[in-house]
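[1] have a look; sequence and predicted model below, questions after that.
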There are 2 protein chains.
Amino acid sequence: MGSTERIKNVARRVAKWHDAGYQIVVVPSAMSGETNRLIGLAKEIMEQPDPRELDMLASTGEQVSVALLSMALHAVGKEAVSYAGWQVAIRTDSAYTKARIQSIDDAKVRKDLDAGKIVIITGFQGVDGDGNIATLGRGGSDTSAVAIAVAMKAQECQIYTDVDGVYTTDPRVVSDARLLKTVTFEEMLEMASLGSKVLQIRSVEFAGNYKMPTRVLSSLTDPMIPLEEEAASGTLISFEEDTHMEQAAITGIAFNRDEAKITVLGVPDKPGIAYQILGPIADANIEVDMIIQNQSVDGKTDFTFTVPRGDHAKSMEVLKSVKEHIGAVSIAGDAKVSKVSVVGVGMRSHVGIASQMFRTLSEEGINILMISTSEIKISVLIDEKYMELAVRALHKAFDLEKA
Amino acid sequence: MGSTERIKNVARRVAKWHDAGYQIVVVPSAMSGETNRLIGLAKEIMEQPDPRELDMLASTGEQVSVALLSMALHAVGKEAVSYAGWQVAIRTDSAYTKARIQSIDDAKVRKDLDAGKIVIITGFQGVDGDGNIATLGRGGSDTSAVAIAVAMKAQECQIYTDVDGVYTTDPRVVSDARLLKTVTFEEMLEMASLGSKVLQIRSVEFAGNYKMPTRVLSSLTDPMIPLEEEAASGTLISFEEDTHMEQAAITGIAFNRDEAKITVLGVPDKPGIAYQILGPIADANIEVDMIIQNQSVDGKTDFTFTVPRGDHAKSMEVLKSVKEHIGAVSIAGDAKVSKVSVVGVGMRSHVGIASQMFRTLSEEGINILMISTSEIKISVLIDEKYMELAVRALHKAFDLEKA
């Protein structure tokens, strides 16, 4: 939510649904910029604030939003009541700044809904077993919304965002990218984790685990557009592959620009070497994505993996400090690589997807640096300067602009 | 608390006391401007927001402060933990925006203190029996601090403000006004309620009811001044009249600039007339201070009272609407009057205070419009243009510049 004007628009939209007879729980995010402002204050005080205190601080952003939205609903004549996570017992573990929801007590909310009230609950946060506030981390409001929808046995969880749904790829890269009416939960997971940052990945996992129909739709439309139109807009994350699945083999092209590749050259090819290399990386809290170990020659091998670009320098440092210990000849890094993936549950029943992908890239003269595959996606690492070209070529090759 | 720089200073000051072996609970206020910012957002949404939601909103200001102060204490190497009111069970009634504290559970705080931690608790707020956040109203942090000090059986409650204590009168009006080392609880009540807005009046009442020694001192001094010097600074509100009382008959001159006077002329002097006039005023939530009913002539009387100047127009309206009903001839108002009071427990044992006050004002040619007295104060209403003159003359007449 942005300004108070936007909050008033949210209220009008919610009131429209309530007028149509729906019971509604709303989980608003913090006002835009607010979470950053709060964390900025903390950083002015110390570089690494205590996570519990950081949660105490950051959780206020959503509390401001719920109170204002409740007032805005009162202003349009609705009964509404706001709650902080602890007030409706959104119980979490104690992993401050990245807590996980353990349980939600629906009794209080159910009672309010049955009394005709609209209930507004802070996202992003809950309370641990000792009564401390714990936040779920960035984007946690999405996860809260899905979790609350599950607890309330909601018909649908609608997530209003600043995009109007999930596209076959980023429309800023491919102008005729097409809005998907449905995606499966697994596709959404791949699209989200591969950089189509529409929804927080944990919220998608949550929706998947509990089979909660979840719709991504735009918060930027006129709040008074007809209900039927709004209800059918955006992208529904579905859990019934057979009925909802689109016919094409490929659903979309995901990509992630900010990758970096690291190669450890000439290490002895012996059991445990992968752990010796990746252990120190994991200890430095760096997430490794793609991994390749080359065929060994004369008992020596090369070991290549990717990390987020922001962790490239740190990864190089870590490896240089253990280089002697692991017996590597040298360490090479490349921070100008990107990942492009074709994603689709249809892949399971279609053959030749990989070869079509590789042929397309080859025809554009794009060299593939690394490959990784799963049941529903094929990812390649390429030079970052070819990324847009690769995405456009693949989007066209798989006819994704056509419904 | 102002900027994060000020929060760091508060942390240094608190750490100094902790280093000296004290167990400390800190109740910081919201950062300056924050409460106004939040209420401003609410007003953008609706003119009269729901009080419960307003409390949900406004209480976040203090939550931000406690988290930041806790971090600032960590930054100077102290163990500290912050709590919102609901987390340490500061139980209030449900009179949102003006709730009263009913009880405080000291167990959790005691345990932290015994473990060597500094405990930081949100002021201004608590939680009602149904788990709703309730605030104590403006300045409520002072009241929270005293209430927590009482619950913890503290040795002293120190209230750091932007003034360095309680003066014989406002130093902006009388340049040689003198800082009082001690005032009695009753004097402080009169000084506060008469417009020397150093402490919220409810906090003084609370301190009085529980005989909690409370010191008002400056937050603007260097946080690293010697502890002994700081401990003896400011003004101590005392509960032992005999030992702490200063010898002078008068302790200080209080004043309130923003008064308004209303006179209802020619009403029938019959039982119930005061209620008929003041009832509608009370119903409009307007506080009446001084009241005079004139001697009746021919069964008719004039009825005069004062209200805060901001309520003058509304009071006139209210009375005009009931004028016929109460049988008044006319209603007259004067919004340019001020109240000046001499205050002192010493008054009890001294005679002639009133006559000296009236003589002093008379010598300055100041006409007295109304008079009211209590055991420890005499207040007069005068034309506002004479207010400063009256305060200076009385301050001098009672030798208040001399220790």
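    Yep, it's here.
[2] how about the secondary structure of A:I237?
    Applying DSSP: H, G, I helix; E, B strand; the rest coil to A:I237 yields a three-state assignment of strand.
[3] next one: A:A95
    A:A95 ends up coil, using three-state DSSP.
[4] counting neighbours, what do you get for it?
    Per other CB atoms under 10 Å in any protein chain shown, the neighbour tally for A:A95 reads 14. Just so you know, the C-beta spots here come from the backbone N, C-alpha and C atoms, and that holds for glycine as well.
[5] next, the nearest residue to it once chain neighbours are set aside: secondary structure please.
    Nearest residue to A:A95 in three dimensions, chain neighbours excluded: A:A134, at 7.0 Å (CB to CB, 6 or more residues apart in numbering or on different chains). Look at A:A134: counting by three-state DSSP, its state is strand.
[6] touching, A:A134 and A:G126? I think so.
    Yes. Using CB atoms under 8 Å, A:A134 is in contact with A:G126, at 5.8 Å.
[7] now do the shared contacts for the two.
    Shared contacts of A:A134 and A:G126, defined by CB atoms under 8 Å, 6 or more residues apart in numbering or on different chains, are found at A:92, A:99.
[8] verify the contact between A:T263 and A:V337 for me.
    No. If you go by CB under 8 Å, A:T263 and A:V337 don't touch, sitting 11.4 Å apart.
[9] looking at these two, which is more packed in?
    Using other CB under 10 Å, the more surrounded residue of A:T263 and A:V337 is A:V337, with 23 against 18.
[10] who's in contact with the more buried one?
    Counted by CB under 8 Å, 6+ apart, A:V337 has contacts A:259-261, A:306, A:369, A:381-384.
[11] in the host helix or strand of it, what counts as buried?
    For A:V337, the host element (DSSP states H and E) is strand A:330-343. Going by neighbour count (16 or more other CB atoms under 10 Å in any protein chain shown), the buried part of strand A:330-343 is A:331, A:334-335, A:337-343.
[12] and if you look at stretch A:350-362?
    Buried residues in stretch A:350-362 (16+ other CB under 10 Å): A:353, A:356-357, A:360-361.
[13] try stretch A:219-236
    A:219, A:221, A:223, A:230, A:233-236.
[14] just confirm yes or no for it near chain B.
    No. Stretch A:219-236 does not reach chain B (CB under 8 Å from any CB of the partner chain); its nearest approach is 15.1 Å.
[15] got the end-to-end distance for that stretch?
    In stretch A:219-236, first residue to last residue: 15 Å (CA to CA, to the nearest Å).
[16] ok now it, how far from the chain's centre?
    Distance, stretch centre to chain centre, for stretch A:219-236: 22 Å (CA atoms, centre = their mean, to the nearest Å).
[17] could you do stretch A:55-66 as well?
    Relative to its chain's centre, stretch A:55-66 lies at 21 Å (CA atoms, centre = their mean).
[18] over that stretch, what's the mean pLDDT, rounded is fine.
    Confidence for stretch A:55-66, expressed as mean pLDDT, is 97.
[19] report the buried residues of that stretch.
    Across stretch A:55-66, burial judged by 16+ other CB under 10 Å covers A:55-66.
[20] ok, which of these also contact chain B?
    Okay, of the buried residues of stretch A:55-66 touching chain B (CB under 8 Å from any CB), that's A:56-57, A:59-60, A:63-64, A:66.
[21] among the buried residues of stretch A:350-362, name the ones in helices.
    A:353, A:356-357, A:360-361 (DSSP state H).
[22] between those residues, which is nearest A:D298?
    When these are ranked by distance to A:D298 (CB to CB), A:L361 comes first, at 32.3 Å.
[23] and the residue lying closest to A:V127 once chain neighbours are set aside, how many neighbours?
    Distances taken as CB to CB, 6+ apart put A:W86 closest to A:V127, at 3.7 Å, once the chain neighbours are dropped. The criterion is other CB under 10 Å. On that basis, A:W86 has 24 neighbouring residues.
[24] pretty sure A:W86 sits in a strand.
    No. Going by three-state DSSP, the assignment for A:W86 is helix, not a strand.
[25] ok, it - contacts?
    Neighbour list for A:W86: A:126-127, A:131, A:133, B:86 [criterion: CB under 8 Å, 6+ apart].
[26] and the end-to-end length of stretch A:117-137?
    29 Å.
[27] how about it: buried residues?
    A:117-128, A:132-137.
[28] mind checking the SS state of the closest residue to chain B within the stretch 101-250 of chain A?
    Residue of the stretch 101-250 of chain A nearest chain B, by CB to the nearest CB: A:G131 (5.3 Å). Secondary structure assignment for A:G131 (three-state DSSP): coil.
[29] and what of A:Q23?
    Three-state assignment for A:Q23 (three-state DSSP): coil.
[30] and the contacts of A:V337, which of them are buried?
    Buried members of these, scored by 16+ other CB under 10 Å, are A:259-261, A:306, A:369, A:381-382, A:384.
[31] closest one of those to chain B?
    The closest of the buried ones among the contacts of A:V337, once distances to chain B are taken by CB to the nearest CB, is A:A260, at 32.3 Å.
[32] is that closest one in a bridge, and if so with what?
    A:V307 (DSSP bridges).
[33] show me what contacts A:Q158?
    Counting by CB under 8 Å, 6+ apart, A:Q158 makes contact with A:214-215, A:217, A:234.
[34] let me have the ones in helices among the buried residues of stretch A:350-362 in a markdown table, adding pLDDT and distance to chain B as columns.
    Shown next, in a markdown table, are these (pLDDT from 0 to 100; distance: CB to the nearest CB, whole Å):
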| residue | pLDDT | distance to chain B |
| --- | --- | --- |
| A:I353 | 89 | 51 |
| A:Q356 | 91 | 54 |
| A:M357 | 93 | 49 |
| A:T360 | 95 | 52 |
| A:L361 | 95 | 50 |
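[35] how does chain A divide into domains?
    A:4-244, A:252-397 (automatic domain parsing).
[36] and the last one, how far apart are its ends?
    Going back to what we said before, that points to domain A:252-397. Domain A:252-397 end-to-end distance (CA to CA) = 12 Å.
[37] phi, psi for A:I292 please.
    phi -130, psi 140 (degrees, to the nearest 10).
[38] columns pLDDT on top of the contacts of A:V337, output as CSV?
    Shown next, in CSV, are the contacts of A:V337 (pLDDT from 0 to 100):
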residue, pLDDT
A:E259, 94
A:A260, 96
A:K261, 95
A:T306, 94
A:L369, 91
A:L381, 94
A:I382, 96
A:D383, 96
A:E384, 96
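[39] buried sites along stretch A:97-106?
    A:97-101, A:104, A:106.
[40] touching chain B at all, it?
    No. Applying CB under 8 Å from any CB, one finds stretch A:97-106 out of contact with chain B, separated by at least 11.5 Å.
[41] check what pLDDT A:A249 gets.
    The predicted local confidence for A:A249 is 80.
[42] just give the number of residues close to it.
    Neighbour number of A:A249 under other CB under 10 Å is 19.
[43] distance check, the nearest residue to A:K270 once chain neighbours are set aside against A:L179.
    Leaving aside its sequence neighbours, A:K270 sits nearest to A:G299 (CB to CB, 6+ apart; 8.0 Å). Computed as CB to CB, to the nearest Å, the A:G299 to A:L179 distance reads 54 Å.
[44] more neighbours: which of the two?
    A:L179 (15 against 9).
[45] is it true that the more buried one touches A:L236?
    No. Contact criterion CB under 8 Å: A:L179 and A:L236 do not qualify, at 11.4 Å.
[46] grab the nearest non-local neighbour of A:T184.
    Nearest to A:T184 is A:V345, by CB to CB, 6+ apart, at 5.0 Å.
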